[in-house]
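Peer 1: Sequence and predicted model, in that order:
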2 protein chains.
Amino acid sequence: MSQDQEFKQVTESTNAIAYFQQNPYGPNPADYLSNVNNFELIDSTLREGEQFANAFFSTEKKIEIAKALDDFGVDYIELTSPVASEQSRRDCEAICQLGLKAKILTHIRCHMDDAKIAVQTGVDGVDVVIGTSKFLRQYSHGKDMNYIANSAIEVIEYVKSKGIEIRFSSEDSFRSDLVDLLNIYKTVDKVGVNRVGIADTVGCANPRQVYELVRTLKSVVSCDVECHFHNDTGCAIANAYTALEGGAKLIDVSVLGIGERNGITPLGGLMARMIVAAPAYVKSKYKLHKIRDIENLVADAVEVNVPFNNPITGFCAFTHKAGIHAKAILANPSTYEILDPHDFGMTRYIHFANRLTGWNAIKSRVDQLNLKLSDNQVKEVTAKIKRLGDVRSLNIDDVDSIIKDFHAEVVTPQVTVKKVNNDDINLLSIDQPLSKKTRTI
Amino acid sequence: MSQDQEFKQVTESTNAIAYFQQNPYGPNPADYLSNVNNFELIDSTLREGEQFANAFFSTEKKIEIAKALDDFGVDYIELTSPVASEQSRRDCEAICQLGLKAKILTHIRCHMDDAKIAVQTGVDGVDVVIGTSKFLRQYSHGKDMNYIANSAIEVIEYVKSKGIEIRFSSEDSFRSDLVDLLNIYKTVDKVGVNRVGIADTVGCANPRQVYELVRTLKSVVSCDVECHFHNDTGCAIANAYTALEGGAKLIDVSVLGIGERNGITPLGGLMARMIVAAPAYVKSKYKLHKIRDIENLVADAVEVNVPFNNPITGFCAFTHKAGIHAKAILANPSTYEILDPHDFGMTRYIHFANRLTGWNAIKSRVDQLNLKLSDNQVKEVTAKIKRLGDVRSLNIDDVDSIIKDFHAEVVTPQVTVKKVNNDDINLLSIDQPLSKKTRTI
C-alpha cells in the first residue's frame, strides 16, 4: 500500500471497514467482549443532572431537554425518582407521554414502596440502586447483604411482572467487597434483570481497574452491563471507554456531565472519544452536529458556561496556534487533528496572530487576502509580525495591516511613505507605524 | 480487623503505610514498574500553555507563574523555545536566573541551530522533539527515520557536552510505526539521554494502549520515560495515570491544562487523581492548597473562567445535593467523597435548599440554626420544603424561613398567626406565607 493510500484511509471515512482495520485508535482485537462498536447511551441529565448544584428544571425545560436528547439519538433517558417530590412524579408521567423513540427510565431506591410508584408512571424501565460498600451499608441504609439480596429479588420480580425493563445496580461498586458484589449480581441475573450496573459513585476508579471488574462481572452474568462513572478525578470518559472494552454495553452520561459534585461522563466528551474508535457506528447512530445546541440548552438552564476546554465545543477545541502545528494542519488537517470539526458542525481555526506563528500560517493568510508575495517576502513579513507579537497580544486586524502595508511597499516601492508623528509610532510599532500609514493604492 | 478500624484507615491519612496496603485505588501490585508512588511533574504552562489560543504572557507574568509553580513543588518548568521569538529567548534567560528549586527546561526542534541557542540561555535541560508519524514526516518536516536518527544523535551529543539534561521525544507517537519508534528510542538511549518522551500529540490514545506502549518501551530503554497527553477526547488524566502504572516516571502538565486546542493533562486534575492513589507521596511533595491560587492566576492571565466542573476547584466539586447523598455525607464524608476538600484548602457544602433534599440534611440545618425539633417534626418541615422546591428553585434564606416559621409554630402553637394578604401568598407559598409571617418571638 502506498503512503498516499494509507493517509487517505485515516483522513477519510468513506471506507469504514478498511478504516477499522487500520485505525490505531479502534477497538483492540484482543478484547473479544468489546462493545466499543456496539454501545448504548443512557442519558441521565434529567436524573443525575438534576442533582447538579445549580439544576432546577421546570416541566417545560425537562420536556425540551428530553426531546433534544431523543432527537440526538440517545437510547434511554433516565428521570429523577417519582418519589423525590410530587412534581417529579408528574414530570415523569408527562415525559412518558411524549411518545419519544428513546426508552424512558426512572431511578429508584431498592424499596417496594418506590417500585410501586415508579411502575405507575408509564416508564419503559426502572433502574434500581442500592449501596453495597461497607461505607454505604453502615452510614447510608444500614442493611446487610442478605437484606439487600432479598429486597432486590422482591423489587425485581415485581417490576418484571409489570412487563417493563429492570436494572439492578450496586452503588460505590469499587469499594464493595468483590465476592459480595459478584454474589448479588449473580443472584439478580438469575432472577432475570435486563442489566446490572456498576457505579463509581465517588469518582475514583481507574481505567484498568474498571476493565478488570467489568471482565470479571461478564464471566458471572449473562445480562448486559451498564456503567456509571463520576468525574472527581477526571477519568469518567476514559473509564467509560475501558468499560466498553471489557464488555459493558451501556454508559450513563449527562449533557456537559452535570451531576452530583463535578458530575459524570459527559455526553459530548464521550462522543469525542467514541467517534475516533468507532466512527461508522457513532456517525450512523447519533446526530453529532446537535451536540453544541444541546450543550447550550442545558448550560443556559443550569446557568453555567460551557468550559473553555470542553471537548468538541470548547471555544478553542479546533484552534491551532504554534507555527509548526499550523504549517502541518494547512498541509493536511489529520496531522494534528484526530477529530474532524465538520463532523460536529464546527470549523477549524488557524491562530496566526501571535509570536509563535510561522511563515506557512502567514502565507496562508496572504493567500486569503488575495495578495501575492514570494516565500522570502512572506518570511520577512512573518518576522515583523513576530516582533510585534513579542510586545503585545495581536489580533487579526493587526496582522492584516502589517501584511497589507508590507505588500503595498514591495509591490509599489517607488511611492513615498508619508512620515507619521511620534504618537502613532508609540502605540504600535517596533518597525514602523501600521494602519495609519498612507496606503499606496 | 473490625469495620471501624477499616473505615478509619480509609478516612484518615495518619497511617500511610496501612492506607497503601488497604487502598482500593492504590497502585496495582501487579505493576512492578509502576511509578504511581514515585512520579515527577514537568509543568509546561509556559511552553504548551503559551500555545493556548488566548495566551499572551508578559515577562512579568511568566516570572509570576514560574515562581508559583516552583512554590507548589513541580519538578521541572518547561519554557517556549528561545528560537520562537527574541522575547521568548530573553524570557527564558530571565527565568533561568531566578534561582528556582525546579529545573528549567526549554523545548526545541531537533536542529543544531535550535540546540545552540537553547544551551546558551542557562537552562538545566533541553527537550528535543521531532514528528515520527508518517503524517508528520510527510506533511511537517519531510524527513525519513535515518535522517531523524542522525539529527537526534548530533543534537543529543552536543547538549550532553554542555553538561545539561537532554530528553528526546517523538511526536504523535501513537500513530508512529512501533518498530521505527523503538528503534529510535533504543538509539538515543544508547547515546545517553536522560529521558525519552512519548507524546499523544493529537489527543486520542486510550489508557490501555498507553499502558502497553510504555511497558514495551521500558523493556527497550534504560532511561526514564516522560509522557505528554493532549485532551481532545477527554482521556489526558487517565492516560497519564496508566502511563505511570506502566513505568513512565514524568508527566507533562499545565495549569488548567491549557495548550494547543483544548490542551493537555491539567495539573489540578492530575493531583486529584494521584492523591487518591498515592496520598502520602503527593501530600508530602506538593503544596496542594496552592492549586486554587495558581489556577486563578493563570485563568486571569489567559482570560478564561475556571470550568464549573473542574476537579477540586470547580464551584461544585464538593457540593452534595440529593437527600440520600447528604444523609450519608453527614454521617461520614468518605461515603460519597474520595477527595478530602481540606487537603486543598477547600470546604464541603451540603446543598439542602432543593426538592431533592432529605430530612437528614434538613435536620443538620435545624441543628446549625440551634433549633430543637423531633425527627418527625423535621420530616414534616422537609415535606414543606420539598413542596416549595417543586415550584421554584430555593435559596438558603427560603429554607431557613420555612424552618424558623415551622419551629415557631410548634414551639408556641397558642400564638395566633397574623393573616397575610393575597399578594404575599402569591409569591412564595404552597402551604403558607414564609418570611413575611409574623414571628412568635
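Peer 2: That came in fine, so what should we check first?
Peer 1: any idea how chain A splits into domains?
Peer 2: Split into domains by the TED database, chain A comes to A:33-302, A:319-411.
Peer 1: Please produce CSV containing these, extended by distance to B:Asp113.
Peer 2: C-beta here means a position set from N, CA and C on the backbone, and glycine is covered the same way. Shown next, in CSV, are those (distance: least, Cβ to Cβ, whole Å):
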stretch, distance to B:Asp113
domain A:33-302, 36
domain A:319-411, 14
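Peer 1: Could you look over those and pick the most buried one?
Peer 2: With neighbours defined as mean count of other Cβ atoms under 10 Å in any protein chain shown, the domains of chain A peak in mean count at domain A:33-302, which reaches a mean of 22.
Peer 1: Next up, the contacts around A:Ile275.
Peer 2: Contact analysis of A:Ile275 by Cβ atoms under 8 Å, 6 or more residues apart in numbering or on different chains lists A:Val282, A:Lys283, A:Leu288, A:Leu339, A:Asp343.
Peer 1: if I look at it, how far off is A:Gly73?
Peer 2: 13 Å (Cβ to Cβ, to the nearest Å).
Peer 1: cool, and A:Ala383?
Peer 2: 50 Å.
Peer 1: Where does pLDDT dip in the stretch 51-200 of chain A?
Peer 2: Across the stretch 51-200 of chain A, no stretch falls below the confidence threshold (pLDDT under 70).
Peer 1: And the helices in it, which stretches?
Peer 2: A:59-72, A:86-96, A:112-119, A:134-136, A:145-161, A:178-191 (DSSP state H, counting those that start in this stretch).
Peer 1: Any idea which of the ones you listed gets closest to B:Ser173?
Peer 2: Among the helices of the stretch 51-200 of chain A, helix A:59-72 comes nearest to B:Ser173, with 33.8 Å by Cβ to Cβ.
Peer 1: Nearest to B:Asp91, out of the domains of chain A?
Peer 2: Closest to B:Asp91 of the domains of chain A is domain A:319-411 (Cβ to Cβ; 9.3 Å).
Peer 1: My read is that A:Tyr349 contacts A:Phe315, right?
Peer 2: No: if you go by Cβ atoms under 8 Å, A:Tyr349 and A:Phe315 don't touch, sitting 9.5 Å apart.
Peer 1: what is in contact with those two at once?
Peer 2: Common neighbours of A:Tyr349 and A:Phe315 are not found (criterion: Cβ under 8 Å, 6+ apart).
Peer 1: ok, and the closest non-adjacent residue to A:His230?
Peer 2: Spatial nearest neighbour of A:His230, chain neighbours left out: A:Gly203 (3.1 Å); criterion: Cβ to Cβ, 6 or more residues apart in numbering or on different chains.
Peer 1: pretty sure the one you found contacts A:Asn239?
Peer 2: No: applying Cβ under 8 Å, one finds A:Gly203 not in contact with A:Asn239, separated by 9.3 Å.
Peer 1: where do the contact lists of those two overlap?
Peer 2: A:Phe229.
Peer 1: close to chain B, is stretch A:182-197?
Peer 2: No: using Cβ under 8 Å from any Cβ of the partner chain, we find that stretch A:182-197 stays clear of chain B, coming within 15.5 Å at best.
Peer 1: List the contacts of that stretch.
Peer 2: A:125, A:127, A:129, A:132, A:145, A:148-149, A:152-153, A:156-157, A:160, A:165-170, A:216-217, A:220-228, A:249-250.
Peer 1: Phi first, then psi, for whichever residue of the stretch 151-300 of chain A sits closest to chain B.
Peer 2: Across the stretch 151-300 of chain A, the shortest distance to chain B (Cβ to the nearest Cβ) belongs to A:Ala238, at 3.1 Å. For A:Ala238, the backbone dihedrals (degrees, to the nearest 10) come out as phi -60, psi -40.
Peer 1: Check the gap between it and B:Thr242 for me.
Peer 2: When distance is defined by Cβ to Cβ, A:Ala238 is 8 Å away from B:Thr242.
Peer 1: so what sits against both of those two?
Peer 2: A:Pro207, B:Pro207.
Peer 1: Can you read off the pLDDT for the residue positioned nearest the centre of chain A?
Peer 2: Nearest to the mean C-alpha position of chain A, counting by Cα atoms, centre = their mean, stands A:Gly269 at 1.3 Å. Looking at A:Gly269, its pLDDT stands at 98.
Peer 1: now swap in the one 5 residues further on and tell me
Peer 2: According to the prediction, A:Met274 has pLDDT 97.
Peer 1: got a list of what it touches?
Peer 2: A:Val36, A:Phe39, A:Tyr241, A:Tyr281, A:Val282.
Peer 1: Of those residues, which are in range of chain B?
Peer 2: A:Tyr241.
Peer 1: now for the contacts of A:Met274, which pair is the farthest apart?
Peer 2: A:Tyr241 and A:Tyr281 (13.8 Å).
Peer 1: need the residues of the stretch 301-441 of chain A near chain B, please.
Peer 2: A:304-305, A:307-311, A:314-325, A:327-328, A:331-332, A:334-339, A:351, A:354-356, A:386-387, A:389-393.
Peer 1: Residue numbers of the stretch 1-150 of chain A in contact with chain B?
Peer 2: For the stretch 1-150 of chain A, the contact set with chain B under Cβ under 8 Å from any Cβ comprises A:3, A:6-7, A:10, A:24-25, A:28, A:50-54, A:56, A:80, A:84-88, A:109, A:131, A:134-136, A:138-140.
Peer 1: Filter those residues down to the ones in strands?
Peer 2: Within these, residues falling in strands by DSSP state E are A:Arg109, A:Gly131.
Peer 1: Next, the contact list for the nearest residue to A:Glu260 once chain neighbours are set aside, please.
Peer 2: Leaving aside its chain neighbours, A:Glu260 sits nearest to A:Gln51 (4.6 Å; criterion: Cβ to Cβ, 6+ apart). The contact partners of A:Gln51, by Cβ under 8 Å, 6+ apart, come to A:Gly259, A:Glu260, B:Lys321, B:Ala322, B:His325, B:Leu356.
Peer 1: same question, A:Ile166
Peer 2: The contact partners of A:Ile166, taken as Cβ under 8 Å, 6+ apart, are A:Gly125, A:Val126, A:Val128, A:Val155, A:Ile156, A:Val159, A:Lys160, A:Val193, A:Asn194.
Peer 1: so the strand or helix carrying the residue nearest to the centre of chain A versus helix A:59-72, what angle?
Peer 2: Assigned by DSSP states H and E, A:Gly269 falls within helix A:267-277. With axes from the mean of the first three to the mean of the last three Cα atoms, to 10 degrees defining the directions, helix A:267-277 sits at 0 degrees from helix A:59-72.
Peer 1: how about A:Arg137, what does it touch?
Peer 2: A:Gly131, A:Lys143, A:Asp144, A:Met145, A:Ile148.
Peer 1: Equivalent analysis for A:Thr121, please.
Peer 2: Applying Cβ under 8 Å, 6+ apart, the residues near A:Thr121 are A:Pro82, A:Arg89, A:Cys92, A:Glu93, A:Cys96, A:Thr106.
Peer 1: Check A:Ile77 too.
Peer 2: Contacts of A:Ile77 (Cβ under 8 Å, 6+ apart): A:Ile42, A:Asp43, A:Leu46, A:Ala66, A:Leu69, A:Asp70, A:Ile95, A:Leu100, A:Ala102, A:Lys103, A:Ile104, A:Leu105.
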